[in-house]
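>>> fold the following.
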Amino acid sequence: MFILMVIIFVVGYLMIALEHPLKIDKAASALLIGSLTWVAFILGAEDILTSGVSASWNHFIEESRILAAASGSTFEISHHTYLDFIVHHQIIEHLGEISEILFFLLGAMTIVEIIDQHQGFKLITDKITTTNKVKLLWIVSILTFFMSAALDNLTTTIVMVTLLKKLIGDKQTRWFFASMVVLAANAGGAWSPIGDVTTIMLWIGGQVTAVNIIIMVILPSLVTMLIPVVLLSFTMKGNITRPHLSENQEREFTTSFERKLMLFVGVGSLLFVPIFKTITHLPPYMGMLLGLGVMWVLTDILHRTKVYEDKRRLTVVGVIKKVDIPTVLFFLGILSAVASLQTAGQLGLLSVWLNEVTNENIYVINTAIGLLSSIVDNVPLVAGAMGMYPIAEVGHFAVDGIFWELLAFTAGTGGSILIIGSAAGVAAMALEKIDFIWYMKKISLLAMLGYFAGIATYYVQMLLTGHL
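Predicted coordinates for the structure are as follows:
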């Protein structure tokens, strides 16, 4: 069963990677492996746990014996003990950690959707008037970089690619700009505690703190974004041709006041989350749900006199139907599967092997994780790393240690090397029908140069600040 768990995970992962050819949604595959790995685990619980590779089980037994000795009784291991450990301890513990991430994402996605439904982002996009390709490239890249940090890379990519459809008529030119949006969005999300799912996971998991991840990762992320933009600035020439927009596309169905209010309150709610955690020490999802609650009340009051159709469209009751729930279920499945491998001990064995192969070089390990994230989803890679390497008291694996900072950067930006390597890339690919081979020929090398330049920047930064 120990090996079967790995096989289930690998097969399921291949199904996720081949989502488009198989025409099976990755959320369905994730939910399958998220449940089947636990089924295999509990069916082979005794053999797996008595093998001694599960650090969680060893810790559980040690604590149970100490408690039994303190009460003057003897602790005996039975079949019920194995079931109790898996069902009432590990699943409940991991479900609590996973739920924090899921509720955070659900709240953030709903807030962003509220802003979008109120056309709040139109206030930003309407300010872009240049037709010069190079100027527009810089504007779009820098705007995407900082928007991604405040919102998230997936949402920012959707917003910016939608904007490009209104700005650029030529398909090939639009592909270039959409690809640069992917690079900038992934780079911008890596240094912000709320900008990328993987950084959110590390922040909520306690591996990094909000202020430190911003200070230490923003410069490498900026370099990763700037290198491709600078190189393209020398080769890209001419002006863009704007598309003809129909009357329906330009129709405004909210007032200027409503757009401004929702944009400022929504973005303010997202930016308030790290402050909320610092002040209250409550989990970040509580701050996100507080912001959602405020916006829910605000939209209900704002639209209370409107006709039923408009009210349903603009209040949370209607908006929440547009939230990407399959993405939330995907995270639930994949994080649940990784949790089972962590509990059973496979990830512990993998960490030992990685340390031996790389001679415990955290730069090599993280660089490899980043490159791998261009092929496979970065969420399980980061979840796996979190499971393989527990938080230490001091050193590279301590809170805000070099390993976790570099992991946030590499996992967040490495996915840009291939169009399918990140949620932002997949979204751009779906919206613009970007060809996989075209992206590989035109963008992958630029993305890789930026990726390695960012790692080098982080290394130099550590040398100059005395951390190495």
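>>> quick one, phi/psi of T465?
phi -90, psi 0 (degrees, to the nearest 10).
>>> what's the neighbour count on it?
Residues near T465, counting by other Cβ atoms under 10 Å, number 9. All C-beta spots, glycine's among them, are computed from the backbone N, C-alpha and C.
>>> again with I227
I227 has 22 nearby residues by other Cβ under 10 Å.
>>> for it, give me the pLDDT.
For I227, the pLDDT comes out at 94.
>>> OK, contacts around it?
446, 449-450, 453 (Cβ atoms under 8 Å, 6 or more residues apart in numbering).
>>> and if we set it to 10 Å?
183, 187, 446-454, 457 (Cβ atoms under 10 Å, 6 or more residues apart in numbering).
>>> what's the answer for Q117, then?
253-254, 262, 299, 313-316, 318-319, 322.
>>> Y363: which of the residues you listed is nearest?
K322 (41.6 Å; Cβ to Cβ).
>>> so the closest one touches D116, yeah?
Yes. The pair K322 / D116 is scored as a contact, 8.5 Å apart, by Cβ atoms under 10 Å.
>>> ok so, going back, and which of the contacts of Q117 is nearest to D84?
Once Cβ to Cβ is applied, the member of those that ends up nearest D84 is V316, at 40.3 Å.
>>> my read is that that closest one contacts L302, right?
No. Using Cβ under 10 Å as the test, V316 is too far from L302 to be in contact (11.4 Å).
>>> now do the shared contacts for those two.
Joint contacts of V316 and L302 (Cβ under 10 Å, 6+ apart) are M295.
>>> next, the contact list for the closest residue to L49 other than its chain neighbours, please.
Of all residues not flanking L49 in the chain, W57 sits nearest, at 4.6 Å (Cβ to Cβ, 6 or more residues apart in numbering). By Cβ under 10 Å, 6+ apart, the contact set of W57 is 45, 48-51, 81-82, 85-86, 89-90, 343-345.
>>> in TSV, list those residues along with pLDDT.
Listed next are those as TSV, based on pLDDT from 0 to 100:
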residue	pLDDT
A45	85
I48	86
L49	83
T50	83
S51	83
T81	84
Y82	85
F85	87
I86	87
H89	85
Q90	87
T343	85
A344	87
G345	82
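>>> surely D324 meets D152?
No. At 11.4 Å, D324 does not count as touching D152 under the criterion of Cβ under 10 Å.
>>> the two - which one has more neighbours?
D152 (27 against 18).
>>> who are the contact partners of that one?
105, 108-109, 112, 185, 188-189, 192, 194-197, 199-200, 270, 423-424.
>>> which pLDDT value goes with it?
For D152, the pLDDT comes out at 75.
>>> and it, how far from L332?
In this view, D152 and L332 are 18 Å apart by Cβ to Cβ, to the nearest Å.
>>> G421: what secondary structure?
coil (DSSP: H, G, I helix; E, B strand; the rest coil).
>>> how close does it sit to Y363?
To Y363, G421 is 20 Å away according to Cβ to Cβ.
>>> got the confidence number for L163?
On the pLDDT scale, L163 gets 79.
>>> wait, it sits on K122?
Yes. Here L163 reaches K122: they are 9.2 Å apart, a contact under Cβ under 10 Å.
>>> ok, the two, which is more surrounded?
L163 (21 against 18).
>>> how about the host helix or strand of the more buried one: buried residues?
According to DSSP states H and E, L163 maps onto helix 153-167. By neighbour count on 16 or more other Cβ atoms under 10 Å, the buried set for helix 153-167 is 153-161, 163-164, 166-167.
>>> give the other helices and strands that it contacts.
helix 91-117, helix 122-125, helix 133-150, helix 171-190, helix 197-205, helix 423-432 (3 or more Cβ pairs under 10 Å, 6 or more residues apart in numbering; DSSP states H and E).
>>> which regions of the chain sit below the pLDDT cut-off?
244-252, 307-311, 351, 376-377, 380, 430, 467-468 (pLDDT under 70).
>>> which residue lies farthest from the center of it?
Most distant from the centre of the chain: G72, at 48.0 Å, with distances by Cα atoms, centre = their mean.
>>> tell me the spacing between that residue and D84.
Applying Cβ to Cβ to G72 and D84 gives a distance of 21 Å.
>>> go on, I227?
53 Å.
>>> check Y13 too.
30 Å.
>>> got the contact list for the nearest residue to S54 once chain neighbours are set aside?
Using Cβ to Cβ, 6+ apart and skipping the chain neighbours, the partner closest in space to S54 is G345 (4.0 Å). Applying Cβ under 10 Å, 6+ apart to G345 gives the contacts 2, 5, 48-49, 51-58.
>>> which among those residues count as buried?
Here, 16+ other Cβ under 10 Å leaves 2, 5, 48-49, 53-54, 56-57 buried among the contacts of G345.
>>> relative to M216, which of those is nearest.
Taking Cβ to Cβ as the measure, S56 is the one of the buried ones among the contacts of G345 closest to M216, at 30.3 Å.
>>> the closest one reaches I91, doesn't it?
No. Contact between S56 and I91 fails when scored by Cβ under 10 Å: they sit 11.5 Å apart.
>>> need the residues touching each of the two.
85, 343.
>>> ok, and for stretch 176-184, which residues are buried?
176-184.
>>> let me fix that: stretch 449-467
Applying 16+ other Cβ under 10 Å to stretch 449-467 flags 450-451, 453-455, 457-458, 461-462 as buried.
>>> now stretch 212-229
213-214, 216-218, 220-229.
>>> looking at those, which are in helices?
213-214, 216-218, 220-229 (DSSP state H).
>>> quick one: contacts of whichever helix or strand V352 is part of?
Using DSSP H and E, V352 falls within helix 346-358. With Cβ under 10 Å, 6+ apart as the test, helix 346-358 has contacts from 2-3, 5-6, 9, 37, 48, 53-56, 338-342, 360-362, 364-369, 383-390.
>>> recalculate using a threshold of 8 Å.
In contact with helix 346-358 (Cβ under 8 Å, 6+ apart) are residues 2, 5-6, 53-55, 338, 341-342, 364-365, 368, 384, 387-389.
>>> between helix 346-358 and the helix or strand that it is followed by, find me the angle.
Note on helix 346-358: by DSSP H and E, the next helix or strand toward the C-terminus is helix 362-372. Put simply, helix 362-372 runs at 120 degrees to helix 346-358, going by axes from the mean of the first three to the mean of the last three Cα atoms, to 10 degrees.
>>> just the angle between helix 362-372 and helix 171-190, please?
Using the same axes, to 10 degrees: helix 362-372 against helix 171-190 is 140 degrees.
>>> list the helices and strands whichever helix or strand comes after helix 362-372 packs on?
Toward the C-terminal end, the helix or strand that comes next after helix 362-372 (DSSP H and E) is helix 378-388. Here helix 378-388 touches helix 197-205, helix 325-344, helix 346-358, helix 362-372, helix 402-413, going by 3 or more Cβ pairs under 8 Å, 6 or more residues apart in numbering; DSSP states H and E.
>>> thinking again about what came up before, report the two of the contacts of G345 separated the most.
M5 and N58 (18.2 Å).
>>> nearest spatial neighbour of I86, chain-adjacent residues omitted?
I42 (5.3 Å).
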